[in-house]
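Asks: below are the sequence and a predicted model for it; my questions follow.
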Amino acid sequence: MYRDGVRVREVAITDKVDCVHEKSEFVWIGIADPTAAELRTLQQTYALHPLAVEDAFKAHQLPKVDVYGDQLFVVARTAYLEGDTIAYGETAVFVGHSHIISVRHGSMRAHTGLRTDLEATPTLLAHGVDYILHAILDFISDGYLPMVETIELEVLEMERRAIDNFLGRAEISRIFALRRELMRFQRILVPMGEVASKFVRLELPCIDKESRPYFNDVHDHVRRVQMIVDDLREVLTSVFEFSTLLEQQRTGGITRQLAAWAAILAVPTAIAGIYGMNFENMPELKTQFGYFVVLGVIASACSGLFLWFRHTKWL
Amino acid sequence: MYRDGVRVREVAITDKVDCVHEKSEFVWIGIADPTAAELRTLQQTYALHPLAVEDAFKAHQLPKVDVYGDQLFVVARTAYLEGDTIAYGETAVFVGHSHIISVRHGSMRAHTGLRTDLEATPTLLAHGVDYILHAILDFISDGYLPMVETIELEVLEMERRAIDNFLGRAEISRIFALRRELMRFQRILVPMGEVASKFVRLELPCIDKESRPYFNDVHDHVRRVQMIVDDLREVLTSVFEFSTLLEQQRTGGITRQLAAWAAILAVPTAIAGIYGMNFENMPELKTQFGYFVVLGVIASACSGLFLWFRHTKWL
Amino acid sequence: MYRDGVRVREVAITDKVDCVHEKSEFVWIGIADPTAAELRTLQQTYALHPLAVEDAFKAHQLPKVDVYGDQLFVVARTAYLEGDTIAYGETAVFVGHSHIISVRHGSMRAHTGLRTDLEATPTLLAHGVDYILHAILDFISDGYLPMVETIELEVLEMERRAIDNFLGRAEISRIFALRRELMRFQRILVPMGEVASKFVRLELPCIDKESRPYFNDVHDHVRRVQMIVDDLREVLTSVFEFSTLLEQQRTGGITRQLAAWAAILAVPTAIAGIYGMNFENMPELKTQFGYFVVLGVIASACSGLFLWFRHTKWL
Amino acid sequence: MYRDGVRVREVAITDKVDCVHEKSEFVWIGIADPTAAELRTLQQTYALHPLAVEDAFKAHQLPKVDVYGDQLFVVARTAYLEGDTIAYGETAVFVGHSHIISVRHGSMRAHTGLRTDLEATPTLLAHGVDYILHAILDFISDGYLPMVETIELEVLEMERRAIDNFLGRAEISRIFALRRELMRFQRILVPMGEVASKFVRLELPCIDKESRPYFNDVHDHVRRVQMIVDDLREVLTSVFEFSTLLEQQRTGGITRQLAAWAAILAVPTAIAGIYGMNFENMPELKTQFGYFVVLGVIASACSGLFLWFRHTKWL
Amino acid sequence: MYRDGVRVREVAITDKVDCVHEKSEFVWIGIADPTAAELRTLQQTYALHPLAVEDAFKAHQLPKVDVYGDQLFVVARTAYLEGDTIAYGETAVFVGHSHIISVRHGSMRAHTGLRTDLEATPTLLAHGVDYILHAILDFISDGYLPMVETIELEVLEMERRAIDNFLGRAEISRIFALRRELMRFQRILVPMGEVASKFVRLELPCIDKESRPYFNDVHDHVRRVQMIVDDLREVLTSVFEFSTLLEQQRTGGITRQLAAWAAILAVPTAIAGIYGMNFENMPELKTQFGYFVVLGVIASACSGLFLWFRHTKWL
Ligand SMILES: [Mg+2]
Ligand SMILES: [Mg+2]
Ligand SMILES: [Mg+2]
Ligand SMILES: [Mg+2]
Ligand SMILES: [Mg+2]
Ligand SMILES: [Mg+2]
Ligand SMILES: [Mg+2]
Ligand SMILES: [Mg+2]
Ligand SMILES: [Mg+2]
Ligand SMILES: [Mg+2]
Ligand SMILES: [Mg+2]
Ligand SMILES: [Mg+2]
Ligand SMILES: [Mg+2]
Ligand SMILES: [Mg+2]
Ligand SMILES: [Mg+2]
Ligand SMILES: [Mg+2]
Ligand SMILES: [Mg+2]
Ligand SMILES: [Mg+2]
Ligand SMILES: [Mg+2]
Ligand SMILES: [Mg+2]
Ligand SMILES: [Mg+2]
Ligand SMILES: [Mg+2]
Ligand SMILES: [Mg+2]
Ligand SMILES: [Mg+2]
Ligand SMILES: [Mg+2]
Ligand SMILES: [Mg+2]
Ligand SMILES: [Mg+2]
Ligand SMILES: [Mg+2]
Ligand SMILES: [Mg+2]
Ligand SMILES: [Mg+2]
Ligand SMILES: [Mg+2]
C-alpha cells in the first residue's frame, strides 16, 4: 500500500484496502502466472469483473482496454527476441480507484526494477494509479525499440548482401521468416497504439486528464516503432523483388551465352561433318592444302562469331 | 417459459405468453429447419416482422442485426470443417421483451447442450433474453477457434514442406483451395464481428447496458479468430511467393548446368570432327602418337572447363 | 391514380393530380425511353427539377439519390446477361408526395408484372409512394442474383479446368474478360448499395420511417450479391496466379528433361566421334572386339545416366 | 457589371463596385495569364486575400476551395489532349458577394463562349455569383469527358491488339505511358470531385443553398469521368498481365518444341556417329543391306518420336 | 524580445519575460543542438512540460503537435539531399502566449535568414507567436520542393533510359534505392501534412483563427510535394515492371533464335553424319555428283529453314 508516494505497508491479497478519500493512497499488487485460486481471491477482495478475471487467467488476448463500471481492465503485450523469432508475453492490469493489480504471463522482465524506480521518486508515485498504469505501459513499449533495432541490423545486412550477391535458398527462407515475424509484431503494435491513444482521447474511469500527455508519449513511442517496422517490411519486400528481377536477368544472360557458344561450336561441327563424308568424288579432299584452308576457315568463322557476340554483349 | 432463471413450463408455439412486468420472465423457443407453417404461427403469436420471418426462412443471409420497432432480429453464421472445406450453418434469432426464438439451418450442433448449461445456472438465466442471445452468439463464435486451429496445423505443415522441398501440383492446388476457404470465412467473420460490436456500441431494444461486457467478450473472440485467419492467409501467400522464387532459381541453376555440360562436351565433338575429315593431306594423322596427343588435349580441355565451371559455381 | 391501395382511374401525363390530404392517394406513371417532349410535359405537371429531368433524359448516370426540395430523384441500374457480357439498363424515378414517375432506358423487363403484383395486394399499395419506390428497387436488385449465379457457374467451371489442365489462349482471354465484366458490375453495385442504405440511414422527403426495414432488405440483397461478385473476382485472380505458377513449373520440368536427354545423347556422340578420327595409329581400332566393347561402354554409360536422372526426378 | 441577369456596363479593374443590396447585381471579371500588377490592382479593389492572389499568380495548385472571411477562392484544373499526352490548364476564381473574378493559366478554351451563353439566359445569370461559379466549374468538367473518350478508344484498340497478337516494345511502352497519364489525371480528378462536393455539403460564403443541386451535378459528372478512368487503368493493367502470361506461355511452348526437335535430331546423329567409327571389325558394315536397314531404323525412330511429340502436344 | 513587430532587446535564456497584456509582445529564442543544461534552464524559465523538453532533447520524433495546458509543442522534420540520399533534420518548437522557442537538430539551414526577413517586415512580426510558428513551418516545407525536383530529374532520366535500353544491375539497384528514399520521405510528409492541417481544423492555444489561411497554405504546399512523391514512386514502380516485362520478352526472343539456329545447323550435321558412315555398300557414295547433290540439298534445306524462321519472326 502506498500513501502520498511512499510505501506504507505490505498487503496480503485477501486484505480489502479502502481508501476512498485520497487519490494518492492505493494498493499496487503484481503477480506472475497466477493460479485460478489467487485470481479468485483478488476478484472477491477488489470486486473485479468475472470476464476480466477470465481474460487475465487465460491470456492470449490482443491489447485492449475494457471498462467495467468504475474499473478498467487493460491488456498489453510484451515482445522480446528469442533467438531468431519474436516471443510474446502478456500483461493484464486491473485498475480501480485505490488499487492497481498487474498480472504477467511469460514476460521475462519482472516489474521489480520498475517498482524500485518509482519508489525512488515518491512525487511521481503520489500521482495515483493512472501514473502507475502509464509506467507499466511505458516499461512494456520501451522494450520494443531495442528488439526492433536488432532486427533492423539483420535486415540491412540482408539488403547489403542482396545487392552484392545472389541470395541462396537459406537467405530467401530467412527473408520470408523475418517478414512474417514483422507482420505478426505489427498485429500487436496496432492495438497497442490504439490502447495508448484511448487514454489520450477518451474519458475513462480512474484516469485523470492531467495524465494524458504521459499516455500520449507512450502512443508516440509505439507509433515510431510501427513506422520502423513498416519500413523494414518494405525493405524486405524490395529485397525480394530485387532478387527476383536480378535472377531473371541472370537467367537471361546465361541463355544468351549458351546461345552464343552453341553457334560458335556449331561451325567446326558442321564443316568437319561435311568433309567427314565418304563420297568417292570430293575434289577438295585431294588438294594439297585443303585441310589447312578448312582449318583456317573454321578458325576465322569462330573468331568472327566470337567477336560479333562480344560486340552485342552476349558474351 | 422461464421465470427468475427457472424453467416453469413448456409452451406450444401458438401460446401467446405475455409477461411484461418482469424482465426475468420470458419464453425461449428453439427450432431447426422450420416449415413455413411453423414460422407463420410464431409470427402471429409473437408479432414478428414479415421481412425478418422471410430471412429466417430463406437463410443464406450475412450476419446482421435488424431492428423492427421494439424487437430485434439477429443472424449469425456457424462454421465447421467438413473434410477439407468449411461448411456453414445459419442461426437466426428473434428477440422481444419476453421471448427469444432461435431458428437454425444446417448447423450441426444443437443448442440442447447450451440450454442445459444455462438451466444449470439459474442466476445467469434470470438476466433475461439479452443474456440468452449472448450465450447463443458465444456458443457459435466458440466454434470458430478449434476449426481455425485445425486449418492452422495444415497451413504450418504446408509451410514447412515448402521450405524443405519443391511443391507438387497437388500441394499448390491445396494452397489455393485453403486460401479461398479462409477468404470466404473472413467474409463471414467481418460481419459477425460487426454484429457483436453493435451490441456494445449501440442502444438496442431488449438489450440492457449491463450486458455490454458480455457482447464485448464475443467481439474480442471473433477479432482474435480474424487475426489468426489474416495471419494464415498471409502465410499461404508467402508460401506461394516463396515457391515461385525458388522454382525460378532452380530453373536458373539448371540452365547454368546445361550450359556448362554443353560446353564441356562440345570439345571432344569439335576436335574429333576435325580429325574425322577425309582430307588426303592431314600430316597429324600420320604421326605415331597424334591420336594419344589428341586424346590428352581433349581430356585436359574437358577437365579444365569442368574445374572452371566448378569454380564459378555453375556446376 | 391510386387511393387506399386501389387503382381509381387512369391519368394523362398532362393531368395535375393533387391529393395532399391522404398519403394513400397518389399517381404512378411509368414510361420507357421517353421523348424530350413527354418529359417536358411531366416536368411542368409535377414541378420536376430541370437537372433531374436532364439526367432522366440523358441516362448513363451512376445509381444515386438526389433531393430537390420536397421531391426525390433516384437512379438505379438494371443488369442482365446478353450472351457473354453484362448489359446495363437504367431506371430513373421521380418521387413526390402524391406522384411517382419511373423512366426506363434499355431495361428489358417492363414494370407491368410488378404493377400487377402490387395491385393484387392493395394493403401494401396503400402504404404510398415510398412502398412503390421500394418495390421498384427490389424488382431491379432481384434481377442481379440469377445473373451472378449464371456467371458463377462459368467461373467455377473455369476453375475446375485450370486445376485439371493447362489453360489455352482462349480460356485465359475469357478469364480476363470475365474479371472485367465483374469489375464493371461492382462499380454499379457499390453505388446501388449506397442508394439503398441512404433510405435506411437518412431522413428523406416522401419516405416514412416505417419503410426503412424494406429498403434495408434491398440493401441486404445488394450486399449479398456484392459478396458473391467479390468472391468470383478473387477466384478468377487465383486461377490466373495458379496457372502462372503451374506454367512456370512446367517450363522448369521441361528444361530439366531437355538437359537430361542432352547429357545422355552426348555420350555416344563424343565416343563415336573419337573413334571416327582418321589417325593411322589408333591401336583400339585394330583389336577384334574393340567395337563391341565400345558399344557396351556407350550402352552402360547411357543407362547409368538414365537411371541417375530418374533417381533425381529429372526424368 | 450585371444587374438582374443583364450586362449593365463594362468595369475597369480599378473600379470598386459595391452593390450590397442586391444579390443579382455583381461584377464578373475574366483575365488570362495576368501580370503581377493587374492582380495587385484587383487585390486592392476587391480586398482579395494576399495568399489567394499569390496562388492565382503562381499557378500549379491542386483543385481546392479556400475560405477567406466572406470571400471564396476556388482553383480548378482544365485538361485537354495535346498529341499523346494530357495537358493541364488552371483556372482560379475569386468569389465575393458582388464580384466574381476568374484567372486562367494555359487553358485553351476562353470563357467567352460561356459568357455569351449565360448572357443569353438572363434568368439564370440573375441568380448571382454562385451560379456563375457553377457555370465555370461545369464548363471545365464538361471538357473532361470527350478527352477521356478519345483515350478510351486508344485503350480499347490496345486491348483488342493484345488479345489477337503479341505486343511489341513500342506498344508496351505506350501502355505504360497511357497508364501514367491516367494516373496523373486521377490526381486532378479526385480533388476536383472534392471541390464540387464541398459546395454541396458545406455552408460556404456567397453560395446559396438553392445552388446545391447545380454543384451536385458537377460532382456527378466528375465522378462518372473518374469511374471511366478507373476502368481504363484496370483495362491497361489487365492487358499488361495478360501479355505477361501469354509471353510466358509462348516461351514455355517454344522450349517444348526445341526439346522435341533436339530429341528427334539426336537419333540420326547418334546412330550415324556409331557407324562412322573406324573399327576394323564392325560386322554390320559388311552386310549388303546394312546401310538401308540403318536408314530405315533412323527414319522410323524419327517418325515415331515425331508422332509421340505430336500426341503430347509438344509439337 | 519583440514588441509590435520590432526587436526591443536581447534576452538571456534565464530571463523570465512576462508580457501578458499584449499579443504583439513576445520572446523568440532559437537554439541548435542544445545541451541538457540549456534546456533545463529554458524549462524552468518558461514552464515547459518535461515530456516536451525530453522530446526536444532526444530528437528522432515524427512530426506532431502536442498540447500541454496553454502551451504547444510542435515537431517538424527538415529534409535535404546529401549526395544520393535524403538526410533529415528536426526542428522542435515550444509556443506559449509570449514566447516561441525553436530547437534545431541536424538541420543545415539556420533560421537567421528567416529572422532577418521577418524583422524586415514588422507588420507581419507584430501578429505574434502564431505567425512566427507559421513562418518556421513554411521555411521548412519550402525546403522540400527543390529537393524533390532534383530527385524528379533523376527519376525521369531513369525512365527515359529504361525505355531506350535494358537496365544494368547498378541502375536497378539505384531504382530500388530511390524508391526507398521516397517511401521514407513520405513517412515524414504524411504527419507533416497532418501537423499543418491541425492548425487549420482545431482550436489550439496561442493560435488565432486569423492565422488559419497561413497554415492552410503550408498544408497545400506539403500536399503538392506529397503528390509529386506519389507520382515519382509510381514512375519507379512502372519502370521496374516495364523492365521485368521487357527482360522476359528478350529472353523469349533469344530462346526462339536459339531454337531456330539449332534447327538450321542440325541439317548438315545429320546429313553429313549419314554419309560419314562406313558401310561398304552405300550406292550414293559412288555416284559422280553425289557429293555436290548433297551439298546442294544441305544448302537448300538450311536456306529454306532460314527463310521460314524469318517469316515467323523467330529470326
Ligand atoms: Mg500509428
Ligand atoms: Mg505512425
Ligand atoms: Mg500500420
Ligand atoms: Mg505508416
Ligand atoms: Mg504506422
Ligand atoms: Mg505482392
Ligand atoms: Mg475482409
Ligand atoms: Mg478485428
Ligand atoms: Mg483485429
Ligand atoms: Mg480485420
Ligand atoms: Mg484482423
Ligand atoms: Mg491485417
Ligand atoms: Mg473498384
Ligand atoms: Mg464495397
Ligand atoms: Mg457491401
Ligand atoms: Mg458486403
Ligand atoms: Mg464489396
Ligand atoms: Mg464484401
Ligand atoms: Mg497480385
Ligand atoms: Mg491516386
Ligand atoms: Mg476516388
Ligand atoms: Mg467519386
Ligand atoms: Mg465514383
Ligand atoms: Mg470514383
Ligand atoms: Mg472510383
Ligand atoms: Mg495529402
Ligand atoms: Mg494530396
Ligand atoms: Mg498522400
Ligand atoms: Mg496524394
Ligand atoms: Mg499516400
Ligand atoms: Mg504488383
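Replies: Sure thing, it's come through. Residues are numbered from 1 along each chain as shown, chains lettered A, B, ... in the order given. Ligands and ions are numbered 1, 2, ... in the order given.
Asks: can you map out the helices along the stretch 151-300 of chain A?
Replies: A:169-201, A:212-275, A:283-286, A:290-311 (DSSP state H, counting those that start in this stretch).
Asks: nearest to ligand 17, of these?
Replies: helix A:169-201 (22.9 Å; C-beta to the ion). C-beta here means a position set from N, CA and C on the backbone, and glycine is covered the same way.
Asks: next, the angle from the closest one to helix A:212-275.
Replies: 160 degrees (axes from the mean of the first three to the mean of the last three C-alpha atoms, to 10 degrees).
Asks: please tabulate the helices of the stretch 151-300 of chain A in CSV, including the columns mean neighbour count and distance to ligand 8.
Replies: Compiled in CSV, the helices of the stretch 151-300 of chain A are given as follows (neighbours: other C-beta atoms under 10 Å in any protein chain shown; distance: least, C-beta to the ion, whole Å):
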stretch, mean neighbour count, distance to ligand 8
helix A:169-201, 19, 9
helix A:212-275, 20, 17
helix A:283-286, 14, 84
helix A:290-311, 15, 59
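Asks: ligand 7 is nearest to which of the ones you listed?
Replies: Smallest distance to ligand 7 across the helices of the stretch 151-300 of chain A (C-beta to the ion): 14.9 Å, for helix A:169-201.
Asks: nearest to residue B:159, of the helices of the stretch 151-300 of chain A?
Replies: helix A:169-201 (9.0 Å; C-beta to C-beta).
Asks: can you give the distance of that closest one from its chain's centre?
Replies: 5 Å (C-alpha atoms, centre = their mean, to the nearest Å).
Asks: list the helices and strands it packs on?
Replies: If you count contacts as 3 or more C-beta pairs under 8 Å, 6 or more residues apart in numbering or on different chains; DSSP states H and E, helix A:169-201 packs onto strand A:64-68, strand A:71-82, strand A:85-96, helix A:129-142, helix A:144-164, helix A:212-275, helix B:212-275.
Asks: dihedrals phi and psi, whichever residue of chain A sits closest to chain D?
Replies: For chain A and chain D, the shortest gap (C-beta to the nearest C-beta) falls at residue A:276, measuring 7.0 Å. Backbone torsions for residue A:276, taken as degrees, to the nearest 10, come to phi -90, psi 0.
Asks: still on that earlier bit, relative to residue B:153, which of the helices and strands packed on helix A:169-201 is closest?
Replies: Residue B:153 lies closest to helix B:212-275 among the helices and strands packed on helix A:169-201, at 10.5 Å (C-beta to C-beta).
Asks: what about that closest one, near ligand 7?
Replies: No - Helix B:212-275 does not reach ligand 7 (C-beta under 5 Å from the ion); its nearest approach is 8.6 Å.
Asks: on that earlier part again, dump the helices of the stretch 151-300 of chain A to TSV, plus distance to residue C:127 and mean pLDDT.
Replies: As requested, those are exported to TSV (distance: least, C-beta to C-beta, whole Å; pLDDT from 0 to 100):
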stretch	distance to residue C:127	mean pLDDT
helix A:169-201	44	92
helix A:212-275	52	88
helix A:283-286	105	88
helix A:290-311	84	91
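Asks: in a markdown table: those, plus distance to ligand 23.
Replies: Shown next, in a markdown table, are these (distance: least, C-beta to the ion, whole Å):
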| stretch | distance to ligand 23 |
| --- | --- |
| helix A:169-201 | 29 |
| helix A:212-275 | 29 |
| helix A:283-286 | 79 |
| helix A:290-311 | 55 |
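Asks: so which of these comes closest to residue C:85?
Replies: Among the helices of the stretch 151-300 of chain A, helix A:212-275 sits nearest to residue C:85 (C-beta to C-beta), with 35.7 Å.
Asks: centre of the chain to that closest one, how far?
Replies: 22 Å.
Asks: quickly check: that helix near chain E or not.
Replies: Yes - counting by C-beta under 8 Å from any C-beta of the partner chain, chain E is contacted by helix A:212-275 at A:213-214, A:216-217, A:220, A:223-224, A:227, A:230-231, A:234-235, A:238, A:241-242, A:245-246, A:248-249, A:251-252, A:255-256, A:258-259, A:262-263, A:266, A:269-270, A:273-274.
Asks: and the closest residue to residue A:144 other than its chain neighbours, what does it touch?
Replies: Of all residues not flanking residue A:144 in the chain, residue A:225 sits nearest, at 4.6 Å (C-beta to C-beta, 6 or more residues apart in numbering or on different chains). Residues counted as contacts of residue A:225 (C-beta atoms under 8 Å, 6 or more residues apart in numbering or on different chains) are A:141, A:144-145, A:148, A:189.
Asks: I am finished for the moment; much appreciated.
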